[in-house]
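Visitor: let's see this in three dimensions:
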Amino acid sequence: MKKSKRPSRRHSQKRRAAKPNKTPAKSSRTTAPSTLEGILKVHREGYGFVLSEKPGIPDAFIPPRGMKGAMNGDRVIALVHANPRDGRLEGSIKEILSRGRQVLVARLWQERNRTIATTQERGPSMDFIIPADKLGGAVPGQSVGIRILKYPEAEQRGEAEVIQIFPDRGTEKTELDIVILKHQLPLEFPKEAREEARKFQEGPAVSLDEARVDLRHLPFVTIDGETARDFDDAVYVRPERGGYRLWVSIADVSHYVRPGSALDREAYLRGTSVYFPDYCIPMLPEELSNDLCSLRPREERLAFTCEQFIDVEGHPAEAKFYKSLFRSQARLTYKQVARALVDGNEEIKKQIQPSLEMLGHALGMSRLLRKVRMDRGTIDFDLPEPEIVLNMEEGGIENIVKAERNEAHFMIEEFMISANEAVARFIAQSKVPGIYRIHDQPDPEKVENFHILLNNLGYNIAFPKNPPPKFFSHVLHLVRGHPEEQLIQHILLRSMKQAVYSVENLGHYGLASTCYTHFTSPIRRYPDLVVHRILEKILAGRSHEPKTVKQIETSEVAEIAVHCSRRERVAMEAEWEAVALKTALFMQRFVGKTFAGMVSRLTKFGFFVELKDFFVEGLVRLEDLEEDFYIFDEKKHRLRGRRSGKIYKIGTEVTVTVAKVDIEERQVLFSLSSATNVTP
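Guide: Have a look, this model is predicted:
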């Protein structure tokens, strides 16, 4: 059995009276800008949002009539205004600055003597004429990948050529090919990049030089998932002066991937590795990602090390950074470490005996760091993610379960956060251009809506004018253990801004951190590689160069930050779609089978049910509930039958039958068999 690995992102109180409070008063609005530049994200129903890449500027809603031919992913300028009813920005597309998509998924059909391709992606469909010599052997009725030769204008169709044929829709390989093409994920590395990687692989073994600190005497370990292949961080902890000294050594990718090289150009283009349930599309060739830069046990490796002393209260008292040469003593897994340290499993303890004492110190230190972080107000979302369990002997999917998060996960998470903060502080204090990982404050309108939702769910919680992170952390603590906990976490998460990369240090709201960056994963994230280069320049004395040089670099780093934020968004969307596809493929075998479940989400078109047997959600459509006409009460977040008064809400226990699985739409549809608590 194999579980897919994807790197990563109690006390409860009783609710007060269920009667909702009065709707909180609207906050004052700032004057809306007349134009807004950003990336257009289009919903499948035809409307979209322009997402500004400047912190502090809210998204602008674009109705279908305001699209003006713009497509999902385009960089646009929109004419916007504040809606007088609620102050939200809305408007229409004024200008398309650059196109975000050159390839699309479409279906061919015949119109008299010419072939037309109609897009099959989110947003309003678009038609493209395919010249006869650009069909590539495709025929009407087939799904294809097309490259746009001419974009549609006004009432005129565009023109395109067929670059890929998808003959067997509904099969796993074809559908994964569609995901890859739709999100424009590069699979093959250019010849020049592979040759550069091979030269490093075939070159002399790594060695110590005067610029590196020798850490080979310290018994580092790596702790990762069972199926991980690229190990980019190793840790070592020892008690010291009432506190702890922590070493976090990260693969020195910058030693191999030099600015302007073929490897660098391709890593920048990709921006990040993409993790599908059963394989990875890496940012770097395997010669680096799975060999030279992978911190495999008992092999000497080049690293960039962050060494910190953490005092008895859990605060960083000193930090230093340097290039190093080290070797990992052991490749450990999260499950191993948790079973040994937390569960006290004697067999596992024997297996990892050489590292056991050090790991005990590491656990104590991580708990101290986590307490400090929680006390300062980190918003601790606990939303479970699906984990695809693969059958390695027979192939295919064996199960879908909730991904496990244990104390070993928390340990490494705390060490990485601590190192990232230390590096960010060092760069900020050095007064050189840097890349920061920022998370802006939530939009006031979304905070108000979240407040209303809590009130209508029966939580009488007074909101401060500008809630700090610690306030939302307190809210999550209050709802923990209640049926609507997951809903509230989802709504709060959607109320938050998306974390991005920026040259401006605006802090990380969700982590309640004043200074944060990404330093710990240069194998799979390009911004981390750039941060390594910035650190290297500072340590080499580059910070004393003339001001004009810094200004030029700031512009370059800002462009990298924006590009990598976009690539991260693309990777996330591709990963979500791949998981949805695998879920649909898994549920195909259960069509006609009946399962127990619980209502997990509600919408105006139906409700989602989470099964008890598998960590899978499926949709019960309102149009299929023929015994009554149900109305969605968005404020109270429930569905109510007009005639019967039956109510469906979060936590309603139901029995459902798998009615249909639509592989192409990545959707599982349920029909309702029975429900146990739907009375008013």
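
Visitor: any idea which residue sits dead centre in this protein?
Guide: With distances taken as C-alpha atoms, centre = their mean, the residue of the chain nearest its centroid is M572 (4.8 Å).

Visitor: which non-adjacent residue is nearest M365?
Guide: Leaving aside its sequence neighbours, M365 sits nearest to Y244 (C-beta to C-beta, 6 or more residues apart in numbering; 4.2 Å). Bear in mind the C-beta positions are built from the backbone N, C-alpha and C, glycine included.

Visitor: that neighbour and S143: what is the separation?
Guide: As defined by C-beta to C-beta, to the nearest Å, Y244 lies at a distance of 57 Å from S143.

Visitor: mind checking the SS state of S418?
Guide: helix (DSSP: H, G, I helix; E, B strand; the rest coil).

Visitor: who touches it in this structure?
Guide: Applying C-beta atoms under 8 Å, 6 or more residues apart in numbering, one finds that S418 lies in contact with 246, 248, 308, 310, 316, 369.

Visitor: just those: which are in helices?
Guide: The members of the contacts of S418 that map onto helices under DSSP state H are L369.

Visitor: so which of the contacts of S418 are in strands?
Guide: Per DSSP state E, strands hold the following members of those: 246, 248, 308, 310, 316.

Visitor: any chance of a ChimeraX selection covering the buried ones in the contacts of S418?
Guide: In ChimeraX, a selection of the buried entries from the contacts of S418 looks like this (16 or more other C-beta atoms under 10 Å):
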select :246,248,308,310,316,369
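
Visitor: picking up where we left off before, out of the ones in strands among the contacts of S418, who's nearest R525?
Guide: Set against R525, the nearest of the ones in strands among the contacts of S418 by C-beta to C-beta is V248 (15.6 Å).

Visitor: hmm, the closest one is touching C306, no?
Guide: Yes - because the distance of 4.7 Å satisfies C-beta atoms under 8 Å, V248 is recorded as touching C306.

Visitor: give me the common contacts of these two.
Guide: Here V248 and C306 have A419 as joint contacts, going by C-beta under 8 Å, 6+ apart.

Visitor: picking up where we left off before, please identify the helix or strand for the residue nearest to the centre of the chain.
Guide: helix 547-587 (DSSP states H and E).

Visitor: with E347 instead?
Guide: helix 346-351.

Visitor: pull out the buried residues from that helix.
Guide: For helix 346-351, a neighbour-count test (16+ other C-beta under 10 Å) marks 348-349, 351 as buried.

Visitor: what's in contact with it?
Guide: By C-beta under 8 Å, 6+ apart, helix 346-351 touches 336, 339-340, 356.

Visitor: and the strand or helix carrying E445, how far from the chain's centre?
Guide: Per DSSP H and E, E445 falls inside helix 444-456. Mean-position distance between helix 444-456 and its chain equals 24 Å (C-alpha atoms, centre = their mean, to the nearest Å).

Visitor: convert the C-alpha atoms of the very next helix or strand once past that helix to CSV, please.
Guide: Once helix 444-456 ends, the next helix or strand along the chain (criterion: DSSP H and E) is helix 469-479. The C-alpha trace of helix 469-479 is given here as CSV (Å, rounded to 0.1, in the frame of the first residue of the first chain):
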residue,chain,number,x,y,z
PRO,A,469,-5.2,37.3,14.1
LYS,A,470,-5.6,36.3,17.7
PHE,A,471,-9.3,37.1,17.7
PHE,A,472,-10.0,34.6,14.8
SER,A,473,-7.8,32.1,16.6
HIS,A,474,-10.1,32.5,19.6
VAL,A,475,-13.2,32.1,17.4
LEU,A,476,-11.8,28.8,16.0
HIS,A,477,-11.2,27.6,19.6
LEU,A,478,-14.9,28.4,20.5
VAL,A,479,-16.4,26.4,17.6
